[in-house]
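J.: predicted structure and sequence below. I'll ask about it afterward.
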Amino acid sequence: MHVGMSVIFQNPGERLPDQEVYRRDLSLALQAEHLGFESVWSVEHHFTDYTMCPDVFQFLTYMAAKTEHIQLGSMVCVLPWHDPIRVAEQISMLDNLSDGRVILGMGRGTGRVEFEGFDVEMGTARLRFKESTEIVLTALEQGWVEYEGELLHQARRDIRPRPIRTFRGRTYAAAVSPDSAKIMAELGVGILVIPQKPWSAVRQELQDYRDVYRAANGSEPPPPYCAGWTFVDESADRAETLAREYIGGYWDSVVEHYEFNEPHLKDTPGYEHHGLMYDRLTAPGGAEKMAEFFVGLQLWGTPDQVTEKIITLQNEMYMDGYMGVFSFAGMPIEDADRSMKLFARTVMPELQALPAVHDRLGVPA
């Protein structure tokens, strides 16, 4: 199993100067290669303390210069907020600088504050994401792009520096809704999963994705990647106590940033599936139940417990890559550092020793 780590630069309540948050999370990221992680990631967000990484490729360029062989992942670049040909240029440049180490992750975004900040109509995001993805992938495969879509238009232009190798097999998209997963399957893109739904729903959506992928591409899809909020401790009691505090705190930041406790997504075209969160949160006892559910899905416990949970994730969805997020919700850096190092020393070797998922479990039906 591929094992990576991610930093997200959270600063809830602005308890610290933003620069100090960067210093702390960078101290984790800069250990990743030495500790044996195979990739380092971050995620794009804007305007709030939820995630202070407005340019994921700038962060990854910094990491490329500080490392030698670790892969560099975007989890994700939100395409509707960008000119897609500029994104293609950034990716190709980073891939050239890093000698082909980029793993490309893309998404369409859900935060109203971000769409409004960029003056992009959320109701166009699904189509804008599809057309942007087509432009980016085409540009990276053939080194030039010309495009006429319903929303986006691009005169023929070359990508320089030219892409150095294909991005097939190293491109993923975060797909929360079934509609997004279908788009990604048709485009031949892998799936990046963050545990946030009942596993019965995830299994069905992944099966639907695989069916569409096979029909559209005539081949098997790549195994999914999975990212999870992770806390490891030798003490099961301490692990649970801190997981409930900090993973629960992260969930609170999710609700606040995405405004899931507001009804606007229910009436936003393309986001009806996300709007269901409002109904769940505002039902009697819903907020407490949702927080408990999210904490229960994440990866915390003793080394043996976390190893078992991640293997269970593979059994559930045939994923073959796990990226741990170790610092979030104002967790003291000492706790994050200790958890990450314990994970690297005890959990990661067990995961990396597993056979490839298709050898271990076969191809999902």
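T.: Perfect, I can see it now.

J.: quick one: Ala344 from Ser92, how far?
T.: Separation of Ala344 from Ser92 (Cβ to Cβ, to the nearest Å) stands at 31 Å. C-beta here means a position set from N, CA and C on the backbone, and glycine is covered the same way.

J.: typo on my end, Thr171
T.: According to Cβ to Cβ, Thr171 and Ser92 sit 13 Å apart.

J.: looking at these two, which has the bigger crowd around it?
T.: Between Thr171 and Ser92, counted using other Cβ atoms under 10 Å, Thr171 has the larger neighbour count: 24 against 21.

J.: would you confirm that that one contacts Leu104?
T.: Yes - between Thr171 and Leu104 there is a contact at 4.6 Å, judged by Cβ atoms under 8 Å.

J.: can you show me the strands along the stretch 251-365 of the chain?
T.: Assigned by DSSP state E, counting those that start in this stretch, the strands in the stretch 251-365 of the chain fall at 299-301, 321-325.

J.: and those as a markdown table, adding mean neighbour count and mean pLDDT?
T.: Listed next are the strands of the stretch 251-365 of the chain as a markdown table, based on neighbours: other Cβ atoms under 10 Å; pLDDT from 0 to 100:
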| stretch | mean neighbour count | mean pLDDT |
| --- | --- | --- |
| strand 299-301 | 24 | 98 |
| strand 321-325 | 25 | 98 |
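
J.: I'd like to know which of the ones you listed is closest to Pro12.
T.: strand 321-325 (14.4 Å; Cβ to Cβ).

J.: what's the spacing between the closest one and its chain's center?
T.: Chain-centre distance of strand 321-325: 9 Å, with Cα atoms, centre = their mean, to the nearest Å.

J.: contacting residues around that strand?
T.: Identification of contacts with strand 321-325 by Cβ atoms under 8 Å, 6 or more residues apart in numbering yields 1-8, 39, 41, 73, 75, 223-230, 299, 310, 313, 340, 343, 351.

J.: what pairs with that strand, parallel or antiparallel?
T.: Strands flanking strand 321-325 in the sheet, each with its direction: strand 2-6 (parallel), strand 225-232 (parallel) (DSSP bridges).

J.: ok, Ala181 - how many residues close by?
T.: Neighbour count of Ala181, defined by other Cβ under 10 Å: 23.

J.: ok, now Val78?
T.: 27.

J.: likewise Glu186?
T.: Count around Glu186 with other Cβ under 10 Å applied: 15.

J.: returning to what we had before: now a ChimeraX select for only the buried ones of the contacts of strand 321-325.
T.: To isolate the buried subset of these in ChimeraX, counting by 16 or more other Cβ atoms under 10 Å, use the following:
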select :1,2,3,4,5,6,7,8,39,41,73,75,223,224,225,226,227,228,229,230,299,310,313,340,343,351
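
J.: hmm, back to that, now render the strands paired with strand 321-325 as a markdown table, adding mean pLDDT.
T.: A markdown table is the format used below for those (pLDDT from 0 to 100):
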| stretch | mean pLDDT |
| --- | --- |
| strand 2-6 | 98 |
| strand 225-232 | 97 |
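
J.: what about the stretch 151-300 of the chain, any weak spots by pLDDT?
T.: Counting by pLDDT under 70, the ranges of the stretch 151-300 of the chain that qualify are 176.

J.: and the helices in it, which stretches?
T.: Residue ranges of the helices in the stretch 151-300 of the chain, as given by DSSP state H, counting those that start in this stretch, are 178-186, 199-217, 236-258, 272-282, 286-297.

J.: can you say which of those is packed in most?
T.: Across those, averaging neighbours per residue (mean count of other Cβ atoms under 10 Å) puts helix 178-186 on top, at a mean of 20.
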